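Visitor: one predicted model, sequence on top.
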2 protein chains.
Amino acid sequence: MGRAKQFDPKVAVERAMQVFWRKGYGGTTPQDLVDALGIGKGSLYNAFGSKHRLFEAALECYRDKETATLVAMLEEPGPVKERLRRALTRLAETDLADPDHRGCLAVNTAAEFGRSDESAVRLVRRMFDRTEDAFRAAIEEGQRAGEIRPDRDPRAIGSLLLNTVVGLRVLARVADGPERLSLVIDGVIDTL
Amino acid sequence: MGRAKQFDPKVAVERAMQVFWRKGYGGTTPQDLVDALGIGKGSLYNAFGSKHRLFEAALECYRDKETATLVAMLEEPGPVKERLRRALTRLAETDLADPDHRGCLAVNTAAEFGRSDESAVRLVRRMFDRTEDAFRAAIEEGQRAGEIRPDRDPRAIGSLLLNTVVGLRVLARVADGPERLSLVIDGVIDTL
DNA sequence: CATATTTTGTACCTGAAGTTCAAGAAAAGG
DNA sequence: CCTTTTCTTGAACTTCAGGTACAAAATATG
């Protein structure tokens, strides 16, 4: 019973995610959210409680979509090394093509909050863990297929690739061209 | 003629740098700065014009100190690879030992502003360029000394090391231990 | 010492952030 | 169909960010 919501919370969170991604948490105002979600301030606070809680939901949404995309890219056909290269390249290209150069919401959040925000840090860590796991799985597959030397620690390479992606997405935020990013990607992939 | 300043602007900028480093640009209020610098608001705005101008000065100060530290570390005696490993390790250790886990001010600034702030982006780019240059110089030295294979592009390795550092300093902001960072450092250095 | 010039702290202003609330509208139950 | 419950809307409220204006104080220069 009671009046039904006039908007879809899923859609609202996704729109909020776009705003937080573009402007950061601190840079986003309730008014920005009201404008982007197309609902009144009251509804916003009734539905999500606070700017921060909405942010958590948005970050969770981002994390799920982003990791799903990465996993999908890593599951494409072809040699593992080529898949990895393609995944990184596509990531860099996407970031550079974005007119706002938003980079990665999780990385930006890590930089914005550090550990001063418990819930944010938890969400970011989880996203990083999942990303590393996805890379590790790909590496193990490559080792089983004989494409990657079996004497290297998959977890270590996973960490290294995670770190590479994090770096790339920061550099992409201020990059004026693709050169440096390409050098990085080639440099990393060629050592595998 | 006229009264002399009661405080040392250099010291003031350095203190401001500490505040911006800890709280970010958006998270720093004029009151924070007044408290940290120990001068009145009037003096602050008289001396620096605006929060943003003071931030630029602080970022410049940070950049100069930080790159000087890096260059000094890379100029220590010993094999180049060991110098690089030590430099990265010390960086990670410093970040983890910092109770606030502030990471790198330039990286945080890149993440906070992206390209929405022209002057900030310029300062960050310059810091990144200098860092890459420092690494490139070290690599070239290593190649001359026969420690590093001469068929690799020093600029590319410089980019790769820069990217590694940027990634490390983001991961350090949310890391709960040194394990992942160590894996990354060893993974990168061992491929040189 | 006189004066011009600068510094300094305080008081003040404007706008917005972040949230709450009262009043009304729509859906379900008796 | 009336009550109950939940949602909606927009205004109201509180606090503070960010910066300006000012008058008093201090000091280099002639």
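Guide: Looks like it came in fine. Quick caveat, the model's predicted, so the values are computed rather than measured.
Visitor: what's next to the lowest-mean-pLDDT helix or strand in chain A, contact-wise?
Guide: Least confident element among the helices and strands of chain A, by mean pLDDT, DSSP states H and E: helix A:41-48 (a mean of 89). With contacts defined as C-beta atoms under 8 Å, 6 or more residues apart in numbering or on different chains, helix A:41-48 is touched by A:5, A:6, A:7, A:9, A:12, A:30, A:33, A:34, A:37, A:39, A:54, A:57. Any C-beta I mention is one placed from the backbone N, CA and C, and that applies to glycine too.
Visitor: buried residues, that helix. List them.
Guide: A:43, A:44, A:47, A:48 (16 or more other C-beta atoms under 10 Å in any protein chain shown).
Visitor: among the contacts of helix A:41-48, which lie within helices?
Guide: A:9, A:12, A:30, A:33, A:34, A:37, A:54, A:57 (DSSP state H).
Visitor: and DNA strand D, which of the buried residues of helix A:41-48 contact it?
Guide: A:43, A:47 (C-beta under 7 Å from any atom of the strand).
Visitor: now tabulate the buried residues of helix A:41-48 in TSV and tack on distance to residue B:141.
Guide: As requested, the buried residues of helix A:41-48 are exported to TSV (distance: C-beta to C-beta, whole Å):
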residue	distance to residue B:141
A:43	62
A:44	58
A:47	60
A:48	55
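Visitor: which one of the contacts of helix A:41-48 is nearest to residue A:76?
Guide: residue A:57 (30.0 Å; C-beta to C-beta).
Visitor: skipping adjacent residues, who's closest to that closest one in space?
Guide: residue A:13 (4.8 Å; C-beta to C-beta, 6 or more residues apart in numbering or on different chains).
Visitor: and residue A:116, how many residues sit next to it?
Guide: 15 (other C-beta atoms under 10 Å in any protein chain shown).
Visitor: run a quick neighbour tally on residue A:18.
Guide: 15.
Visitor: quick check: it touching residue A:36?
Guide: Yes. Using C-beta atoms under 8 Å, residue A:18 is in contact with residue A:36, at 7.0 Å.
Visitor: pLDDT value on residue A:4, please?
Guide: Note on residue A:4: pLDDT of 73.
Visitor: same check, this time on residue A:149
Guide: 95.
Visitor: next, residue A:190: phi, psi?
Guide: Backbone torsions of residue A:190, given as degrees, to the nearest 10, read phi -70, psi -20.
Visitor: pull the number of nearby residues for it.
Guide: Neighbours around residue A:190, by other C-beta under 10 Å: 12.
Visitor: just the pLDDT for it.
Guide: Reported pLDDT for residue A:190: 95.
Visitor: what mean pLDDT does stretch A:90-101 get?
Guide: The model assigns stretch A:90-101 a mean pLDDT of 96.
Visitor: buried stuff in stretch A:11-19?
Guide: Neighbour-count burial for stretch A:11-19 [16+ other C-beta under 10 Å]: A:12, A:13, A:14, A:15, A:16, A:17, A:19.
Visitor: wait, the last one touches residue A:34, no?
Guide: No. Here residue A:19 lies out of contact with residue A:34, judged by C-beta under 8 Å, at a distance of 10.2 Å.
Visitor: from residue A:29, how far out is the residue nearest to residue A:34 when sequence neighbours are not counted?
Guide: Once flanking residues are discounted, residue A:34 sits nearest to residue A:41: 5.4 Å by C-beta to C-beta, 6+ apart. Counting by C-beta to C-beta, to the nearest Å, the gap from residue A:41 to residue A:29 is 11 Å.
Visitor: buried only: go through the ones in helices among the contacts of helix A:41-48 for me.
Guide: Looks like those have A:12, A:33, A:37, A:54, A:57 buried, using 16+ other C-beta under 10 Å.
Visitor: contacts only, for the fourth one.
Guide: Residue A:54 makes contact with A:13, A:16, A:33, A:44, A:48, according to C-beta under 8 Å, 6+ apart.
Visitor: what does the third one give?
Guide: For residue A:37, the residues meeting the contact criterion (C-beta under 8 Å, 6+ apart) are A:7, A:12, A:15, A:16, A:44.
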